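Participant: sharing a model that was predicted from the sequence below.
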Amino acid sequence: MKRLSAFNKVVFVLNAIAALLLLAACAVPYISNEKFSFLSFLSLTVPLLVGMNFFSLLFWMLKRRRQLWLSLFVLVFGYFTLGTFLKFNFWGEDLQEEDLSIMSYNVRGFNRYNQLDNPNVFEDVKSLIDKEQPDIICFQEAGYTRKKEFLDDYPYQYLDYIYMDGKVLLGIFSKYPIVNRDFVCFPDSPNNAAYADILYKKDTIRVYNVHLQSLGITPGKGIIQNKPKDKLFKMLNENFKIQQQQAKMLEADMKTVNYKQILCGDFNNTQFSNAYKIIKGDKVDTFIEEGSGYGRTLNFHGIPVRIDFILADPEFEVKSHKNYDEEYSDHFPIMASFKLK
């Protein structure tokens with residue numbers, strides 16, 4: 001430090017802060033939100049912290065300074081602890097007719113409240129589905145009144161109205177018979193999960209459709225700018241705790257059956273969160289397996305984030321994963337295909 005110029009000292013201090021925050025973020029998936037929920041904020045900033053450390057590493061490399069070891073260490077440690085958020089897949093497989101394909105999409109009520117200047121959102125979504133022809137669709141924030149309009153291609157459905165004020169509707173549409181279905185009802189929350197047991201190739205698989213607690217900072221509503229910072233922090237803190245509780249409820253429910261399982265949904269948090277780690281367990285993330293690029297499923301105040309996931313038991317071989325760019329909601333659809341091993 002003594003041999004550094006004043007400018008380089010400032011850079012190193014900022015570098016050290018970014019390195020310490022990234023190290024702290026590495027602990028977030030492994031600690032309880034009940035006691036350390038304030039650290040959960042870091043799970044939302046991992047790509048930013050990685051970028052800051054990467055450019056710090058380049059800076060010190062160009063300067064040929066030993067300070068480069070700090071960022072190099074935390075980047076390597078972070079990679080082995082958290083995994084990657086960028087995928088380079090130049091040999092991705094195309095969807096095969098014999099594969100099982102599943103699409104997950106938070107459709108935001110098919111633009112029921114006109115958040116988008118597009119009166120034909122439902123028709124556009126249906127056209128996308130007609131083109132891609134997924135075998136199973138999991139909608140979050142689905143519109144109950146649209147249920148009958150999918151009957152032609154998806155004769156097996158689970159989209160029941162929930163007689164609880166404000167509950168988010170989840171829809172599961174299948175080309176294969178549904179033999180059992182139910183909710184995993186999250187208490188004291190508008191969010192919930194649903195599942196359907198589906199007959200597929202003489203086997204029964206369980207498909208979960210999940211919508212975890214929203215953090216309450218939806219883009220476009222001015223919450224971050226207008227809400228007092230102490231109240232905003234308290235609200236986020238509480239919602240992180242609720243997400244963990246909901247994740248544990250799902251984890252417990254998944255242990256009640258021996259069916260092979262696929263889980264889709266909007267987690268309202270990233271892959272670096274405690275909730276994601278609990279739900280994922282030993283499942284595989286289809287984007288990590290066969291995705292490409294950044295995997296964005298939502299633009300959060302202009303920042304691309306991946307908060308929608310498709311997870312599957314190891315008995316499924318992930319054949320493909322696709323992210324879409326169609327803007328029919330605040331979220332973007334994702335689809336994956338599988339082959340039973």
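Facilitator: Received the coordinates, thanks.
Participant: could you pull out the helices for this structure?
Facilitator: Assigned by DSSP state H, the chain shows helices spanning 6-27, 33-36, 46-63, 68-82, 108-111, 121-132, 223-226, 229-254, 274-280, 286-290.
Participant: what's around the nearest residue to Ala336 once chain neighbours are set aside, how many residues?
Facilitator: Excluding its sequence neighbours, the residue lying closest to Ala336 (Cβ to Cβ, 6 or more residues apart in numbering) is Thr286, at 3.8 Å. (C-beta placed from N, C-alpha, C; glycine too.) Thr286 sits with 28 neighbouring residues when counted by other Cβ atoms under 10 Å.
Participant: touching, Thr286 and Phe316? I think so.
Facilitator: No - using Cβ atoms under 8 Å, Thr286 is not in contact with Phe316, being 9.1 Å away.
Participant: so who does the residue nearest to Ala336 touch?
Facilitator: Counting by Cβ atoms under 8 Å, 6 or more residues apart in numbering, Thr286 touches Phe309, Ile310, Leu311, Ala312, Val318, His321, Ile334, Ala336.
Participant: that one and Lys322: what is the separation?
Facilitator: Distance of Thr286 to Lys322, computed by Cβ to Cβ, to the nearest Å: 9 Å.
Participant: likewise Met61?
Facilitator: Separation of Met61 from Lys322 (Cβ to Cβ) stands at 36 Å.
Participant: okay, these two: which has more neighbours?
Facilitator: Per other Cβ under 10 Å, whichever of Met61 and Lys322 has more neighbours is Lys322, with 20 against 13.
Participant: how about the more buried one, what does it touch?
Facilitator: Counting by Cβ under 8 Å, 6+ apart, Lys322 makes contact with Ile334, Met335, Ala336.
Participant: which members of these are classed as buried?
Facilitator: Neighbour counting by 16 or more other Cβ atoms under 10 Å classes Ile334, Met335, Ala336 among the contacts of Lys322 as buried.
Participant: let me know the closest of those to Leu14.
Facilitator: Ile334 (35.3 Å; Cβ to Cβ).
Participant: read off the pLDDT value for that closest one.
Facilitator: At Ile334, the pLDDT value in this model is 98.
Participant: again with Gln261
Facilitator: pLDDT, Gln261: 98.
Participant: for it, what are its contacts?
Facilitator: With contacts defined as Cβ under 8 Å, 6+ apart, Gln261 is in contact with Ile205, Arg206, Val207, Tyr208, Met254, Lys283, Ala312, Asp313.
Participant: out of the residues you listed, the closest to Phe122 would be?
Facilitator: Comparing those against Phe122 with Cβ to Cβ places Val207 closest, at 22.7 Å.
Participant: my guess is the closest one contacts Tyr259. True?
Facilitator: No - using Cβ under 8 Å, Val207 is not in contact with Tyr259, being 9.5 Å away.
Participant: looking at those two, which has the bigger crowd around it?
Facilitator: Val207 (27 against 18).
Participant: where does pLDDT dip in this protein?
Facilitator: Flagging of the chain using pLDDT under 70 yields the residue ranges 1-2, 90-95, 144-148, 150-151, 161-166, 218-228.
Participant: closest to Asp266 out of the helices of the chain?
Facilitator: Among those, helix 108-111 comes nearest to Asp266, with 10.1 Å by Cβ to Cβ.
Participant: need the helices of the chain in TSV with distance to Asp153, can you?
Facilitator: Below are the helices of the chain laid out as TSV (distance: least, Cβ to Cβ, whole Å):
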stretch	distance to Asp153
helix 6-27	43
helix 33-36	40
helix 46-63	37
helix 68-82	39
helix 108-111	17
helix 121-132	7
helix 223-226	38
helix 229-254	28
helix 274-280	29
helix 286-290	23
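Participant: re earlier: and the buried ones among the contacts of Lys322 as a markdown table, adding distance to Cys138?
Facilitator: Output for the buried ones among the contacts of Lys322, formatted as a markdown table (distance: Cβ to Cβ, whole Å):
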| residue | distance to Cys138 |
| --- | --- |
| Ile334 | 10 |
| Met335 | 10 |
| Ala336 | 11 |
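Participant: if we can go back for a sec, right, and the helices of the chain - which one's nearest Leu100?
Facilitator: That would be, of the helices of the chain and by Cβ to Cβ, helix 286-290, which comes in at 11.8 Å.
Participant: what's the spacing between the closest residue to Trp60 other than its chain neighbours and Leu62?
Facilitator: Nearest residue to Trp60, sequence neighbours excluded (Cβ to Cβ, 6+ apart): Leu68, at 3.6 Å. For Leu68, the distance to Leu62 equals 9 Å [Cβ to Cβ].
Participant: check Ser127 too.
Facilitator: Ser127 is 50 Å from Leu62, where distance means Cβ to Cβ.
Participant: comparing the two, which shows the higher neighbour count?
Facilitator: Using other Cβ under 10 Å as the criterion, Ser127 and Leu62 rank with Ser127 on top: 13 against 9.
Participant: ok, now which ones touch the more buried one?
Facilitator: By Cβ under 8 Å, 6+ apart, Ser127 lies in contact with nothing.
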